[in-house]
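# I'll drop the sequence and a predicted model, then ask my questions.
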Amino acid sequence: MQRKFGSRKGATFIEYALLAGLVAIIVAAAAMIFGDDLRSLFTEESKQTESVTKGVQGVDLKSTFESKEKKPEGN
């Protein structure tokens, strides 16, 4: 005698919940393993971006390009 099961909605929900939990565990483990490396990478990139920003502030690019266009070649 075979039983008939009504709905698989509950089983599907549990399967997706288990999958989401597994993904969360993997992401947490990756964050623990690579967290310090990523922090130092982003810190270094932030310092470089700040350096470029400070170097560009106050530069008038329009006048710089205009002065290069007015100079004759060879000078």
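It's in. The model shown is predicted, which means the values in this text are computed figures rather than measured ones.

# next SSE after the strand or helix carrying Glu50?
Under the criterion of DSSP states H and E, Glu50 resides in helix 9-56. With elements assigned by DSSP H and E, the helix or strand that comes after helix 9-56 is helix 61-70.

# Give me the contacts around that following helix.
For helix 61-70, there are no surrounding residues in contact (CB atoms under 8 Å, 6 or more residues apart in numbering). Where C-beta positions appear, they are placed from N, C-alpha and C, glycine not excepted.

# Could you check how far Thr49 is from Gly35?
Applying CB to CB, to the nearest Å, the value for Thr49 to Gly35 is 21 Å.

# Ok, Val27 next?
Counting by CB to CB, the separation of Val27 from Gly35 is 11 Å.

# Near Gly19, how many other residues are there?
For residue 19 the amino acid is Leu, not Gly. 10 (other CB atoms under 10 Å).

# Enumerate every residue touching it.
Under the criterion of CB under 8 Å, 6+ apart, Leu19 has no neighbours.

# Just give me how far stretch 42-49 sits from the chain centre.
Relative to its chain's centre, stretch 42-49 lies at 14 Å (CA atoms, centre = their mean, to the nearest Å).

# Return it as PDB; C-alpha atoms alone will do.
Coordinates of each C-alpha in stretch 42-49 appear next as PDB, following Å, rounded to 0.1, in the frame of the first residue of the first chain:
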ATOM      1  CA  PHE A  42      41.000  48.000   0.600                       C
ATOM      2  CA  THR A  43      43.100  50.100   3.100                       C
ATOM      3  CA  GLU A  44      45.900  50.400   0.600                       C
ATOM      4  CA  GLU A  45      43.600  51.200  -2.300                       C
ATOM      5  CA  SER A  46      42.000  53.900  -0.100                       C
ATOM      6  CA  LYS A  47      45.300  55.500   0.600                       C
ATOM      7  CA  GLN A  48      46.200  55.500  -3.100                       C
ATOM      8  CA  THR A  49      42.900  57.100  -4.000                       C
END
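
# I appreciate the help and will end here.
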